[in-house]
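[1] Kindly generate the corresponding structure for this input.
(2 chains)
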Amino acid sequence: MIVRLLIPVAALTLVATAMAQQPDQARSIALFREAGKVLQSPRCLNCHPVGERPTQTDRMTPHVPFIVRGADGHGPAGLPCNACHHVANYAESGVPGHPKWHLGPASMAWAGKSLGEICQQIKDPARNGGLDMPALLKHMAEDSLVGWAWAPSGKRTPAPGTQAEFGATMRAWADTGAFCPPD
Amino acid sequence: MKLILRINGATRQVEVDGDTPLLWVLREELGLLGTKFGCGAAFCGACTVLMGDVPVRSCSLPVSALGDGVVTTIEGIAGREAMAVQRAWIAGDVPQCGYCQSGQIMGAIALLKANKRPTDRDIDQAMSGNLCRCATYVRIREAIHAAARDLEGPR
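    Okay, here's the model as predicted:
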């Protein structure tokens, strides 16, 4: 009798353990959707364009003057990004700046993509610049060019929240299995 | 604030607000009037100078950010690329009103330093940030090609 009772209990325990170890897919996706509010803000999308040209302003209009990505995301030969974008935002001219100003790689084009597509790109080292998950999380949470999105100056709307909150959300997403939205 | 600047091969001392655009230090403090004001927002390229070999919009650079940067204005250009561009500009009678031309020339020199034999596309992309209200773009492009050929010739 005892044996007959113990077998179902043991089975339930195994299932519960397995469930505890199973990443929380719904929670992970919800966390990524929250992080997506940052990733899909104009501050990020303007420099993660689809195609060769960045956009600018909250309305994401084509960059003026005409500029293209160039071989390495730093602009074409003879007209690098830092011809105009210097080491810091400059109120006098209204031109934003950062020492590392450049476009995200073409393989990380986000503008016009669904959150699911962006998620798949972000966690794919073949497309994200060779970053494994710890490096990706560090980039999101600590990179100062990413951080520019929260201190853009002028009339540019900052990305939602703070970089620290964004980093924490991305970490929680990773900790829950780094699942991507289906769409 | 007092700043020591390296402009056109000389060391110059100025006393200005560090947030002043380099353009206005060049023009108002140093009397280098060849560099033009166009838009003040890095849209037009009229204020282009070279910092090292990089073309820089001097209206969008606070003078305090120059640091040890070596600045060359239109008054100080020299070297093979500059001379080739000068010859090509004269031969092609490039300027019309001329207002944008110092910026155009600085941009052309920077391009030829970065790309010895630019294509039409290379030129259009590199020079797209230098506006010309007289629309001398075709002559500018031809002159850059001519300067590139000149640079390939006997030395």
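[2] Distance-wise, check the residue positioned nearest the centre of chain A relative to B:P21.
    The centre of chain A sits closest to A:L39, judged by C-alpha atoms, centre = their mean, with a distance of 4.7 Å. For A:L39, the distance to B:P21 equals 34 Å [C-beta to C-beta, to the nearest Å]. (C-beta placed from N, C-alpha, C; glycine too.)
[3] Just give me the residue right at the centre of chain B.
    Residue closest to chain B centre, computed by C-alpha atoms, centre = their mean, is B:M106 at 2.4 Å.
[4] Nearest residue to the residue nearest to the centre of chain A in space, please, no chain neighbours.
    A:I118 (5.8 Å; C-beta to C-beta, 6 or more residues apart in numbering or on different chains).
[5] wouldn't that neighbour be in contact with A:K37 here?
    No - contact criterion C-beta atoms under 8 Å: A:I118 and A:K37 do not qualify, at 11.9 Å.
[6] For chain B, which residues are neighbours of chain A?
    By the rule C-beta under 8 Å from any C-beta of the partner chain, the part of chain B lying against chain A is B:19-21, B:40-45, B:48, B:54-57, B:59-62, B:65, B:107, B:110-115, B:118, B:122, B:125-129, B:131.
[7] mind listing which of those are in strands?
    B:48, B:54-57 (DSSP state E).
[8] Rebuild these as CSV, extending it with distance to B:G92 and pLDDT.
    Formatted as CSV, these follow (distance: C-beta to C-beta, whole Å; pLDDT from 0 to 100):
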residue, distance to B:G92, pLDDT
B:T48, 19, 98
B:V54, 25, 96
B:P55, 20, 97
B:V56, 25, 97
B:R57, 25, 98
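[9] Out of the residues you listed, which is nearest to A:C81?
    B:V54 (10.4 Å; C-beta to C-beta).
[10] Report the contact partners of the closest one.
    A:80, A:82-83, B:110 (C-beta atoms under 8 Å, 6 or more residues apart in numbering or on different chains).
[11] circling back: residues in contact with the residue nearest to the centre of chain B?
    So B:M106 contacts B:48-50, B:55, B:72-74, B:77 (C-beta under 8 Å, 6+ apart).
[12] Recalculate using a threshold of 6 Å.
    B:48, B:50, B:55 (C-beta atoms under 6 Å, 6 or more residues apart in numbering or on different chains).
[13] cool, and A:M108?
    A:48, A:121.
[14] what do you get if the cut-off is 7 Å, keeping everything else the same?
    Neighbouring residues of A:M108 by C-beta atoms under 7 Å, 6 or more residues apart in numbering or on different chains: A:48, A:121, A:127-128.
[15] ok so A:N128 is a helix residue?
    No - read with DSSP: H, G, I helix; E, B strand; the rest coil, A:N128 is coil and lies in no helix.
[16] can you count the residues close to it?
    18 (other C-beta atoms under 10 Å in any protein chain shown).
[17] ok, it touching A:H139?
    No - assessed by C-beta atoms under 7 Å, A:N128 is found out of contact with A:H139, at 8.6 Å.
[18] Helix or strand with the lowest mean pLDDT in chain A?
    When each helix and strand of chain A is scored by mean pLDDT, DSSP states H and E, helix A:2-21 comes last, with a mean of 48.
[19] got the contact list for the next helix or strand after that helix?
    If you walk from helix A:2-21 toward the C-terminus, the next helix or strand you reach (DSSP states H and E) is helix A:25-39. Helix A:25-39 is contacted by residues A:44, A:110, A:115, A:118-119, A:159-161, A:166, A:169-170, A:172-173, A:176-181 when judged by C-beta under 7 Å, 6+ apart.
[20] can you tell me which of those are in helices?
    A:44, A:115, A:118-119, A:166, A:169-170, A:172-173 (DSSP state H).
[21] Let me know how buried the closest residue to the residue nearest to the centre of chain B other than its chain neighbours is, in neighbour terms.
    Closest residue in space to B:M106, ignoring its immediate chain neighbours: B:T48 at 4.2 Å, by C-beta to C-beta, 6+ apart. Using other C-beta under 10 Å, B:T48 is surrounded by 33 other residues.
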